[in-house]
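1. only geometry, no sequence info:
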């Protein structure tokens, strides 16, 4: 409550950093508060409406992310007091966004065209391994990458965290298994399990309520999904070299397309 609505957030050094101004520290934290729900929204790609996503970001950040970030990163938070260690936002960013993505996907429902999905998933799964062969980057498996990745990272911190390394910047910790502090893994597990449960349940409740509010229904209509969310919701395409769907037969699912270059020329 001391800094509510940015009261007192100025160039005064923040008490936990001593040299970094409060406003700089606040902007740094704001960056993570903004990117975390954006990670979760990857699970709603091509079937979720834009407006509910915007509302969700504000509601979710306030009711889910802020709580988890506070109990993990604030010196008075229960995870911090217990002795839990955070490594690169394991629970506040990765676990919370991964579980939120899972809840969003469950609330939103499956995409249409299941046969295409099965066949596409089969070949995509094979293609995923090609990145190791051709050394290119890939993204957007939000729960698998951030949720599971954050969980594994959090638990491994309980094993490999060392007080000698943390002491390099003046931080004092008991360390993990390598320092003989075997209870640390339990702390990490408690932190991770609570973060996963809280993020998933709260996200599910938020989305369930939002979906019942007129104007905030999460799922796009079938015609918009077939046309593409970029075109239907934003009125433009990210990639102009593809065919543009100009009409959809709701009964048969057949589409009429035209080359996007032709539209631009006209």
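-> Yes, it's here. Predicted model, so just to flag it, every value in this text is computed and none were measured.

2. where do the strands sit along the protein?
-> 243-248, 255-259 (DSSP state E).

3. separation between the residue nearest to residue 149 when sequence neighbours are not counted and residue 76?
-> Distances taken as Cβ to Cβ, 6 or more residues apart in numbering place residue 94 nearest to residue 149, at 6.0 Å, with adjacent residues excluded. Any C-beta I mention is one placed from the backbone N, CA and C, and that applies to glycine too. Separation of residue 94 from residue 76 (Cβ to Cβ, to the nearest Å): 23 Å.

4. which of the two has more neighbours?
-> Between residue 94 and residue 76, counted using other Cβ atoms under 10 Å, residue 94 has the larger neighbour count: 27 against 8.

5. distance of the more buried one relative to residue 84?
-> In terms of Cβ to Cβ, residue 94 sits 15 Å off from residue 84.

6. next one: residue 229
-> 39 Å.

7. so where's the stretch 151-266 of the chain shaky on pLDDT?
-> 239-266 (pLDDT under 70).

8. right, and residue 91 touches residue 157 too?
-> No - with contacts counted by Cβ atoms under 8 Å, residue 91 stays clear of residue 157, the gap being 10.4 Å.

9. looking at the two, which is more packed in?
-> Each of residue 91 and residue 157 has its neighbours counted (other Cβ under 10 Å); residue 91 has more, 29 against 22.

10. for that one, give me the pLDDT.
-> Looking at residue 91, its pLDDT is 85.

11. list the contacts for it?
-> 68, 72, 79, 150, 154, 191-192, 194-195 (Cβ atoms under 8 Å, 6 or more residues apart in numbering).

12. any residues touching stretch 186-202, and which ones?
-> With Cβ under 8 Å, 6+ apart, stretch 186-202 has contacts from 60, 63-64, 67-68, 72, 79, 82-86, 90-92, 95-100, 102-103, 147, 150-151, 154-155, 157-158.

13. pLDDT score for residue 61?
-> Reported pLDDT for residue 61: 92.

14. which residue packs closest to it, ignoring adjacent ones?
-> residue 33 (5.3 Å).

15. ok, back up a step: these two touch, right, the residue nearest to residue 149 and residue 152?
-> No - at 9.6 Å, residue 94 and residue 152 do not qualify as touching, with contact defined as Cβ under 8 Å.

16. right, I'll leave it there.
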